[in-house]
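predicted structure and sequence below. I'll ask about it afterward.
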Amino acid sequence: MIVAPPVCWPVWAALGQRIAKAMDIILHIGAHRCATTTFQQYMRLNGDGLYRRGIGFWGPRRTRNGLFSGLIPRPHLATGRNLQKRAAGRVQLGCARSAASGVGTLVVSDENMLGSVRENLRLGALYCDVGERIVRFAHAFGGRISDVVLNIRSLELFWASSLGYGLTRGMGMPMRQSLDRLAHGSRSWRDVVTDVACAVPEARVRVLPFETFAGQPDVQLAVMTGQDTPKTHARDWVNATPKLPKLRELAGDLPAGDGRWQPFDSTQIALARETYSDDLMWLAAGADGLATLISDPNKKPVETNPPLTDLTRGRHHDHEERRLAGTG
C-alpha cells in the first residue's frame with residue numbers, strides 16, 4: 001500500500017500553481033542499466049541548445065548534490081528539523097527559478113528516484129519500494145508533474161548488466177540460487193509500471209523500451225517533449241557494462257571470450273524473456289489505462305497492404321514441403 005507522506009501544502013500551494021501554468025515537469029526515472037547515463041550526458045552537453053528551445057535539465061550532478069537530500073527517509077541524528085519539508089522547499093524554489101528564467105519544459109532525470117541496483121540485487125526483485133519513493137518525489141514537486149518516463153529492458157539483459165555492475169562495485173559473483181530467484185521472480189516491469197502510475201495518478205506514464213531507444217537520446221527527448229532536438233552528441237555511449245576481459249580482472253571465475261557476460265543458463269534466459277514478452281504485450285494492449293508504450297517514431301508502421309517479401313514461391317517450395325512432411 002502506498003502511503004502519502006505528510007507535506008505542508010499551504011506554504012507552496014500558490015507557488016506550485018504558478019509553476020504549473022508556466023512549465024511542464026517531466027520526471028525521467030530510469031531504469032538503471034537502460035542507457036540513462038548516456039541520455040543524461042547528451043542533455044548536459046547540449047544544455048545551451050536545449051535552453052534556447054525552452055528545455056531545462058536537472059541531472060544527477062544536481063539532484064544528488066543535496067537537492068533531493070531528505071526526501072527519502074534515512075537514519076540520521078534527531079535535530080528537530082523536518083528534512084522532507086526542507087527538501088520540498090529546495091525543489092520548489094528550483095522550479096520557480098527555472099520557470100522564471102524562461103524554461104517551458106523541465107526534464108528531471110535521475111534513475112535513483114526508482115531505487116538502486118544494489119537494493120534490487122539484495123532483494124532479488126525489481127524496485128520493491130518504488131511506489132512510496134515516487135509519491136515522495138511527486139509531493140516535492142507540488143503534485144505538478146506532467147509526465148513520468150520509464151525505460152525498461154529485457155529482464156535477462158537487465159539483470160546480467162546489473163550483476164556486471166555489481167562486480168565492478170565489489171558485490172561478488174552471484175550464486176546459482178540467486179540467479180534462479182531472479183529468473184523466476186514474480187515481480188516484473190508490469191508491477192513497476194503499476195506502482196508508478198498509482199503514485200502519480202495526475203501524470204502521464206510513458207514507457208520507452210531500451211531495445212528501441214538505446215543509443216538514441218535525441219529521439220527519446222523528442223518523444224518526451226514533442227520538440228525537435230539537437231543531434232550533437234546523440235551517438236555517444238557512456239557507462240556500458242564492462243565486457244568479459246575487464247570483468248575477469250575483478251572476478252576470475254568467468255567464462256572465456258571477449259563479449260558480454262551472460263550469467264544465466266538457457267532455461268533461465270527463456271523464463272526471463274517470456275516474462276518480458278508478457279509485459280510488452282500488456283503495455284501494447286493499453287496497460288489497463290495506466291501507461292503508454294512508446295514505439296520508435298522514425299519507424300514506419302505497416303500499412304493496410306503490407307509489402308510482399310516472398311515473390312519466388314513455386315514448384316521448388318512445394319517440392320520441399322512435401323519432402324519434409326515425410327521425414328518424421
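Received the coordinates, thanks.

got the end-to-end distance for stretch 184-194?
Distance between the boundary residues of stretch 184-194 (Cα to Cα, to the nearest Å) amounts to 20 Å.

for it, which outside residues touch it?
Outside of stretch 184-194, the residues within contact range by Cβ atoms under 8 Å, 6 or more residues apart in numbering are 31, 114, 124-128, 130, 150, 152, 155, 205, 207, 271, 275-276, 278-279, 282-283, 287-288, 290-291. From N, CA and C alone the C-beta is placed, and that goes for glycine too.

elements contacting the one helix or strand Gly131 maps to?
Here Gly131, judged by DSSP states H and E, is contained in helix 130-140. Counting by 3 or more Cβ pairs under 8 Å, 6 or more residues apart in numbering; DSSP states H and E, the packing neighbours recorded for helix 130-140 are helix 83-100, helix 189-199.

which stretches of the chain have low pLDDT?
Confidence mapping of the chain against pLDDT under 70 gives the ranges 1-21, 75-80, 300-328.

give me the neighbour count for Leu126.
Here the number of neighbours of Leu126 (other Cβ atoms under 10 Å) works out to 24.

now do the same for it: helix, strand or coil?
Of the three states, Leu126 takes coil under DSSP: H, G, I helix; E, B strand; the rest coil.

rewinding a little: what's the next helix or strand after the helix holding Gly131 in contact with?
As assigned by DSSP H and E, the chain's next helix or strand after helix 130-140 is strand 145-152. Strand 145-152 has contacts (Cβ under 8 Å, 6+ apart) with 24-31, 34-36, 134, 138, 158, 189, 192-193, 196, 200, 202-210, 213, 224, 276, 279, 291.

in what element of secondary structure is Tyr42 found?
Here Tyr42 is assigned to helix 36-45, by DSSP H and E.

ok so, going back, just the buried residues of the contacts of stretch 184-194.
With neighbours counted by 16 or more other Cβ atoms under 10 Å, the contacts of stretch 184-194 contain buried members at 31, 114, 124-128, 130, 150, 152, 155, 205, 207, 271, 275-276, 279, 282-283, 287, 290-291.

any idea how far the helix or strand following the helix holding Tyr42 is from the chain center?
Note on helix 36-45: by DSSP H and E, the next helix or strand toward the C-terminus is helix 47-52. Helix 47-52 sits 23 Å away from the centroid of its parent chain (Cα atoms, centre = their mean, to the nearest Å).

what packs against helix 47-52?
Counting contacts by 3+ Cβ pairs under 8 Å, 6+ apart, helix 47-52 is packed against strand 55-58.

what comes up buried for the helix or strand just after the strand it packs on?
With elements assigned by DSSP H and E, the helix or strand that comes after strand 55-58 is helix 60-62. Going by neighbour count (16+ other Cβ under 10 Å), the buried part of helix 60-62 is Pro60.

neighbouring contacts of helix 60-62?
Applying Cβ under 8 Å, 6+ apart, the external contacts of helix 60-62 come out as Gln40, Arg44, Ser109, Asp110, Asn112.

any chance of those residues in CSV with neighbour count as columns?
Putting the contacts of helix 60-62 into CSV (neighbours: other Cβ atoms under 10 Å) gives the following:
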residue, neighbour count
Gln40, 23
Arg44, 16
Ser109, 24
Asp110, 22
Asn112, 17
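
phi, psi of the closest residue to Ala125 other than its chain neighbours?
Distances taken as Cβ to Cβ, 6 or more residues apart in numbering put Arg187 closest to Ala125, at 4.5 Å, once the chain neighbours are dropped. The phi/psi pair for Arg187 (degrees, to the nearest 10) reads phi -100, psi 120.

equivalent analysis for Arg204, please.
phi -80, psi 130.

is the nearest residue to it once chain neighbours are set aside bridged to anything, and to what?
Counting by Cβ to Cβ, 6+ apart, Asp147 is the residue found nearest to Arg204 once chain neighbours are left out, at 4.8 Å. For Asp147, the beta-bridge partners are Ile26, Arg204 (DSSP bridges).

surely Gly56 is in contact with Arg97?
No: Gly56 lies out of contact with Arg97 (Cβ atoms under 8 Å); the separation is 9.6 Å.

these two: which has the busier surroundings?
Gly56 (24 against 11).

quick one on the thing from earlier: contacts for the helix holding Tyr42, please.
By Cβ under 8 Å, 6+ apart, helix 36-45 touches 28, 30, 50, 57, 59-61, 107, 109, 111, 151, 214-215, 217-218, 220-221, 232-234, 236-239.

still on that earlier bit, what does the helix holding Gly131 rub up against?
Applying Cβ under 8 Å, 6+ apart, the set of residues contacting helix 130-140 is 2-5, 7, 27, 29, 68, 71-72, 84, 87-88, 91-92, 113-115, 145, 148, 192, 195-196, 198-200, 203.

all set, thanks.
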